[in-house]
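> Sequence plus predicted model, see below.
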Amino acid sequence: MSDPVLQACGIGVAYGTRRQPVTALHPTDLTLHAGESMAVVGRSGAGKSTLAEVLLGLRRPGSGYVMVRGERFCGFDRGPRAHLRHRVQGIPQDAGASLPPGVPVRLSIERALRRLGVGGDRRVHLAEAARIAHIDPGLLERTPRQLSGGQAQRAAIARAVAVAPDVVIADEPTSALDARTAAGLADALLALPARTGGALLLITHDDALAERCDRILTLREGKVEQSR
Ligand SMILES: Nc1ncnc2c1ncn2[C@@H]1O[C@H](COP(=O)(O)OP(=O)(O)OP(=O)(O)O)[C@@H](O)[C@H]1O
(Lines give C-alpha, C1' and ligand atoms only; values in the text may rest on other atoms or scores of the structure.)
Protein backbone atom coordinates (compact mmCIF):
# COMPACT_ATOMS: atom_id res chain seq x y z
CA MET A 1 0.00 0.00 0.00
CA SER A 2 1.12 3.60 -0.65
CA ASP A 3 2.45 5.80 2.15
CA PRO A 4 -0.24 7.51 4.21
CA VAL A 5 -1.20 11.01 3.09
CA LEU A 6 -2.97 11.82 6.35
CA GLN A 7 -2.43 10.39 9.82
CA ALA A 8 -4.18 11.47 12.96
CA CYS A 9 -2.51 10.18 16.11
CA GLY A 10 -4.39 10.32 19.40
CA ILE A 11 -6.26 13.53 18.67
CA GLY A 12 -8.65 14.45 21.45
CA VAL A 13 -10.80 17.53 21.99
CA ALA A 14 -12.66 18.83 25.03
CA TYR A 15 -14.90 21.88 25.08
CA GLY A 16 -16.02 23.71 28.19
CA THR A 17 -13.65 24.97 30.83
CA ARG A 18 -10.48 23.54 32.28
CA ARG A 19 -12.42 22.76 35.45
CA GLN A 20 -15.41 21.34 33.67
CA PRO A 21 -14.23 19.92 30.36
CA VAL A 22 -16.77 18.26 28.08
CA THR A 23 -15.10 15.63 25.90
CA ALA A 24 -16.16 15.96 22.26
CA LEU A 25 -13.54 13.62 20.84
CA HIS A 26 -11.70 10.91 22.76
CA PRO A 27 -8.13 10.21 21.53
CA THR A 28 -8.67 9.11 17.95
CA ASP A 29 -6.36 7.64 15.31
CA LEU A 30 -6.96 7.47 11.61
CA THR A 31 -4.90 6.89 8.49
CA LEU A 32 -5.75 7.79 4.91
CA HIS A 33 -3.78 6.62 1.91
CA ALA A 34 -3.40 8.16 -1.54
CA GLY A 35 -6.40 7.57 -3.76
CA GLU A 36 -8.61 6.61 -0.84
CA SER A 37 -11.98 7.98 0.24
CA MET A 38 -13.29 7.69 3.78
CA ALA A 39 -16.73 8.57 5.07
CA VAL A 40 -17.12 9.76 8.65
CA VAL A 41 -20.59 8.98 9.95
CA GLY A 42 -22.37 9.13 13.29
CA ARG A 43 -25.32 10.73 14.98
CA SER A 44 -25.59 14.45 15.53
CA GLY A 45 -23.08 15.47 18.22
CA ALA A 46 -20.86 12.40 17.67
CA GLY A 47 -17.82 14.61 17.03
CA LYS A 48 -17.57 14.52 13.22
CA SER A 49 -17.17 18.26 12.64
CA THR A 50 -14.79 18.52 15.59
CA LEU A 51 -12.62 15.83 14.01
CA ALA A 52 -12.72 17.64 10.64
CA GLU A 53 -11.77 20.97 12.24
CA VAL A 54 -8.72 19.39 13.89
CA LEU A 55 -7.63 17.67 10.67
CA LEU A 56 -7.95 20.98 8.81
CA GLY A 57 -5.80 22.72 11.41
CA LEU A 58 -8.71 24.99 12.38
CA ARG A 59 -8.99 23.69 15.94
CA ARG A 60 -6.07 22.91 18.24
CA PRO A 61 -6.65 19.48 19.84
CA GLY A 62 -6.11 18.88 23.55
CA SER A 63 -3.93 15.89 22.69
CA GLY A 64 -2.31 14.26 19.70
CA TYR A 65 -1.12 15.49 16.34
CA VAL A 66 -1.78 15.28 12.60
CA MET A 67 0.75 14.29 9.96
CA VAL A 68 0.51 15.07 6.23
CA ARG A 69 2.67 12.91 3.97
CA GLY A 70 4.91 12.09 6.91
CA GLU A 71 5.39 15.71 8.02
CA ARG A 72 3.95 16.95 11.27
CA PHE A 73 1.10 19.31 10.25
CA CYS A 74 -0.43 20.41 13.55
CA GLY A 75 -1.07 19.23 17.07
CA PHE A 76 -1.83 20.23 20.63
CA ASP A 77 1.63 21.75 20.86
CA ARG A 78 1.50 23.72 17.63
CA GLY A 79 -0.85 25.19 15.04
CA PRO A 80 -0.79 24.30 11.36
CA ARG A 81 2.55 24.84 9.71
CA ALA A 82 2.36 27.49 7.01
CA HIS A 83 4.22 25.57 4.32
CA LEU A 84 1.80 22.62 4.69
CA ARG A 85 -1.36 24.74 4.92
CA HIS A 86 -2.48 24.22 1.33
CA ARG A 87 -2.05 20.42 1.56
CA VAL A 88 -5.30 19.98 3.48
CA GLN A 89 -8.35 21.76 2.08
CA GLY A 90 -11.87 21.92 3.42
CA ILE A 91 -15.23 22.14 1.71
CA PRO A 92 -17.77 23.32 4.30
CA GLN A 93 -21.48 22.56 4.33
CA ASP A 94 -22.39 25.86 2.72
CA ALA A 95 -19.28 25.94 0.60
CA GLY A 96 -20.62 28.46 -1.90
CA ALA A 97 -21.06 30.95 0.92
CA SER A 98 -17.42 30.49 1.92
CA LEU A 99 -16.32 32.26 -1.27
CA PRO A 100 -16.32 36.08 -1.25
CA PRO A 101 -19.79 36.82 -2.72
CA GLY A 102 -18.93 39.82 -4.87
CA VAL A 103 -15.62 38.60 -6.29
CA PRO A 104 -15.36 36.60 -9.53
CA VAL A 105 -14.50 33.01 -8.56
CA ARG A 106 -11.46 32.97 -10.85
CA LEU A 107 -10.00 35.92 -8.94
CA SER A 108 -10.65 34.22 -5.57
CA ILE A 109 -8.88 31.10 -6.78
CA GLU A 110 -5.93 33.08 -8.15
CA ARG A 111 -5.62 34.92 -4.83
CA ALA A 112 -5.60 31.60 -2.96
CA LEU A 113 -2.90 30.24 -5.26
CA ARG A 114 -0.79 33.36 -4.66
CA ARG A 115 -1.38 33.41 -0.90
CA LEU A 116 -0.47 29.75 -0.53
CA GLY A 117 2.56 30.12 -2.76
CA VAL A 118 1.44 27.56 -5.33
CA GLY A 119 3.80 27.87 -8.30
CA GLY A 120 3.34 27.05 -11.98
CA ASP A 121 0.98 28.47 -14.59
CA ARG A 122 -2.15 29.72 -12.80
CA ARG A 123 -4.30 29.30 -15.91
CA VAL A 124 -3.35 25.62 -16.05
CA HIS A 125 -4.21 25.18 -12.36
CA LEU A 126 -7.57 26.88 -12.96
CA ALA A 127 -8.47 24.81 -16.00
CA GLU A 128 -7.53 21.60 -14.19
CA ALA A 129 -9.51 22.61 -11.08
CA ALA A 130 -12.60 23.35 -13.19
CA ARG A 131 -12.28 19.96 -14.87
CA ILE A 132 -11.97 18.13 -11.55
CA ALA A 133 -14.90 20.04 -10.02
CA HIS A 134 -17.09 19.42 -13.09
CA ILE A 135 -17.76 23.12 -13.57
CA ASP A 136 -17.81 24.98 -16.87
CA PRO A 137 -14.67 27.20 -16.73
CA GLY A 138 -16.79 30.09 -18.05
CA LEU A 139 -18.79 30.05 -14.80
CA LEU A 140 -15.61 30.84 -12.86
CA GLU A 141 -15.76 34.33 -14.37
CA ARG A 142 -18.95 34.95 -12.39
CA THR A 143 -19.25 35.97 -8.75
CA PRO A 144 -20.80 33.44 -6.34
CA ARG A 145 -23.90 35.68 -6.24
CA GLN A 146 -24.37 34.98 -9.95
CA LEU A 147 -24.23 31.19 -9.47
CA SER A 148 -26.84 28.66 -8.39
CA GLY A 149 -26.31 26.79 -5.10
CA GLY A 150 -24.94 23.71 -6.87
CA GLN A 151 -22.69 25.76 -9.15
CA ALA A 152 -21.35 27.67 -6.14
CA GLN A 153 -20.60 24.36 -4.36
CA ARG A 154 -18.68 23.20 -7.42
CA ALA A 155 -16.86 26.54 -7.58
CA ALA A 156 -15.83 25.96 -3.95
CA ILE A 157 -14.56 22.49 -4.88
CA ALA A 158 -12.57 24.08 -7.73
CA ARG A 159 -11.13 26.59 -5.24
CA ALA A 160 -10.16 23.74 -2.88
CA VAL A 161 -8.55 21.48 -5.48
CA ALA A 162 -6.78 24.29 -7.40
CA VAL A 163 -4.03 24.36 -4.79
CA ALA A 164 -3.38 20.63 -5.40
CA PRO A 165 -4.09 19.46 -1.83
CA ASP A 166 -3.16 16.01 -0.58
CA VAL A 167 -6.40 15.79 1.36
CA VAL A 168 -9.86 17.24 0.79
CA ILE A 169 -12.21 17.26 3.77
CA ALA A 170 -15.86 17.88 2.93
CA ASP A 171 -18.37 18.43 5.75
CA GLU A 172 -21.85 17.46 4.54
CA PRO A 173 -21.32 19.22 1.24
CA THR A 174 -24.53 18.00 -0.37
CA SER A 175 -27.01 18.51 2.46
CA ALA A 176 -28.25 21.91 1.25
CA LEU A 177 -28.83 20.83 -2.34
CA ASP A 178 -31.70 19.27 -4.28
CA ALA A 179 -31.39 15.54 -4.97
CA ARG A 180 -30.17 15.85 -8.56
CA THR A 181 -27.57 18.53 -7.84
CA ALA A 182 -26.45 16.62 -4.74
CA ALA A 183 -25.96 13.46 -6.81
CA GLY A 184 -23.82 15.33 -9.36
CA LEU A 185 -21.73 16.90 -6.64
CA ALA A 186 -21.30 13.56 -4.85
CA ASP A 187 -20.00 12.06 -8.11
CA ALA A 188 -17.52 14.92 -8.49
CA LEU A 189 -16.31 14.51 -4.91
CA LEU A 190 -16.00 10.73 -5.03
CA ALA A 191 -13.98 11.00 -8.24
CA LEU A 192 -11.47 13.35 -6.57
CA PRO A 193 -9.03 10.76 -5.13
CA ALA A 194 -8.59 9.04 -8.49
CA ARG A 195 -8.32 12.34 -10.34
CA THR A 196 -5.91 14.07 -7.94
CA GLY A 197 -4.01 11.17 -6.36
CA GLY A 198 -4.93 12.60 -2.96
CA ALA A 199 -7.46 11.44 -0.38
CA LEU A 200 -11.02 12.42 0.46
CA LEU A 201 -12.61 12.54 3.89
CA LEU A 202 -16.35 12.97 3.62
CA ILE A 203 -18.54 13.75 6.60
CA THR A 204 -22.07 12.71 5.86
CA HIS A 205 -25.43 11.68 7.27
CA ASP A 206 -26.22 10.01 3.96
CA ASP A 207 -25.70 6.23 4.36
CA ALA A 208 -25.87 5.58 0.62
CA LEU A 209 -23.13 8.15 0.01
CA ALA A 210 -21.01 6.70 2.82
CA GLU A 211 -21.29 3.24 1.27
CA ARG A 212 -19.77 4.59 -1.93
CA CYS A 213 -16.56 5.51 -0.07
CA ASP A 214 -13.68 3.02 0.25
CA ARG A 215 -13.87 3.11 4.04
CA ILE A 216 -16.27 4.20 6.75
CA LEU A 217 -15.40 5.53 10.20
CA THR A 218 -18.33 5.55 12.60
CA LEU A 219 -18.19 7.91 15.58
CA ARG A 220 -20.40 7.61 18.61
CA GLU A 221 -20.22 10.05 21.48
CA GLY A 222 -16.73 11.09 20.48
CA LYS A 223 -15.33 7.57 20.14
CA VAL A 224 -14.61 5.44 17.10
CA GLU A 225 -17.33 2.84 17.21
CA GLN A 226 -16.41 1.11 14.00
CA SER A 227 -13.79 1.47 11.30
CA ARG A 228 -13.65 -0.44 8.04
N1 LIG B 1 -17.97 25.30 20.48
C2 LIG B 1 -18.44 24.32 21.25
N3 LIG B 1 -18.54 24.47 22.59
C4 LIG B 1 -18.99 23.47 23.37
N5 LIG B 1 -19.36 22.27 22.91
C6 LIG B 1 -19.30 22.07 21.59
C7 LIG B 1 -18.84 23.07 20.68
N8 LIG B 1 -18.88 22.57 19.42
C9 LIG B 1 -19.35 21.31 19.54
N10 LIG B 1 -19.60 21.01 20.82
C11 LIG B 1 -20.08 19.72 21.34
O12 LIG B 1 -19.16 18.73 20.96
C13 LIG B 1 -19.81 17.54 20.54
C14 LIG B 1 -19.43 17.17 19.13
O15 LIG B 1 -19.91 18.18 18.25
P16 LIG B 1 -19.70 18.11 16.67
O17 LIG B 1 -20.19 19.40 16.09
O18 LIG B 1 -18.30 17.73 16.39
O19 LIG B 1 -20.67 16.91 16.29
P20 LIG B 1 -21.15 16.40 14.85
O21 LIG B 1 -21.01 14.92 14.87
O22 LIG B 1 -20.43 17.14 13.78
O23 LIG B 1 -22.69 16.81 14.86
P24 LIG B 1 -23.68 17.21 13.64
O25 LIG B 1 -23.90 15.96 12.85
O26 LIG B 1 -24.91 17.66 14.36
O27 LIG B 1 -23.02 18.31 12.86
C28 LIG B 1 -21.30 17.80 20.72
O29 LIG B 1 -21.69 17.27 21.97
C30 LIG B 1 -21.41 19.31 20.73
O31 LIG B 1 -22.50 19.73 21.51
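Great, that's in hand. Numbers count the residues shown, from 1 in each chain.
> what's the burial count for R220?
14 (other CB atoms under 10 Å). Every C-beta, even on glycine, is put in place using the N, C-alpha and C of the backbone.
> beta partners of it?
Beta bridges link R220 to K223, judged by DSSP bridges.
> check contacts around it.
Counting by CB atoms under 8 Å, 6 or more residues apart in numbering, R220 makes contact with G42, R43, A46.
> Turn those into TSV, including neighbour count.
What follows is the contacts of R220, written out as TSV (neighbours: other CB atoms under 10 Å):
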residue	neighbour count
G42	21
R43	12
A46	20
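> Isn't F73 up against G57?
Yes: if you go by CB atoms under 8 Å, F73 and G57 touch, sitting 6.4 Å apart.
> any idea where the helices of this structure begin and end?
Remark: helices assigned in the chain by DSSP state H are 48-55, 105-115, 122-132, 149-162, 179-190, 192-196, 207-211.
> Distance-wise, check the nearest residue to L209 once chain neighbours are set aside relative to S175.
Distances taken as CB to CB, 6 or more residues apart in numbering put A186 closest to L209, at 5.5 Å, once the chain neighbours are dropped. As for A186, its distance to S175 is 11 Å (criterion: CB to CB, to the nearest Å).
> So for those two, which sits in the more crowded spot?
Neighbours per residue (other CB under 10 Å) separate A186 from S175, with A186 holding more: 20 against 13.
> So what pairs up with the residue positioned nearest the centre of the chain in the strands?
Computing the C-alpha centroid of the chain and ranking residues by CA atoms, centre = their mean puts I169 first, at 1.5 Å. Bridge pairing for I169 (DSSP bridges) gives the partners G90, L201.
> ok, now how distant is it from the ligand?
Per CB to the nearest ligand atom, to the nearest Å, I169 is found 12 Å from the ligand.
> Might one say that that residue is in contact with L201?
Yes: look at I169 against L201 with CB under 8 Å: they come within range, at 4.6 Å.
> Return the backbone torsion pair for R69.
Note on R69: backbone dihedrals following degrees, to the nearest 10 are phi 50, psi 50.
> what's the distance between it and the ligand?
Counting by CB to the nearest ligand atom, the gap from R69 to the ligand is 26 Å.
> same check, this time on S49
According to CB to the nearest ligand atom, S49 and the ligand sit 3 Å apart.
> Enumerate the residues of the protein near the ligand.
Y15, V22, A24, G42, S44, G45, A46, G47, K48, S49, T50 (CB under 6 Å from any ligand atom).
> mean confidence for stretch 173-189?
Stretch 173-189 shows a mean pLDDT of 80.
> Give the buried residues for it.
For stretch 173-189, a neighbour-count test (16 or more other CB atoms under 10 Å) marks P173, T174, A176, L177, T181, A182, G184, L185, A186, A188, L189 as buried.
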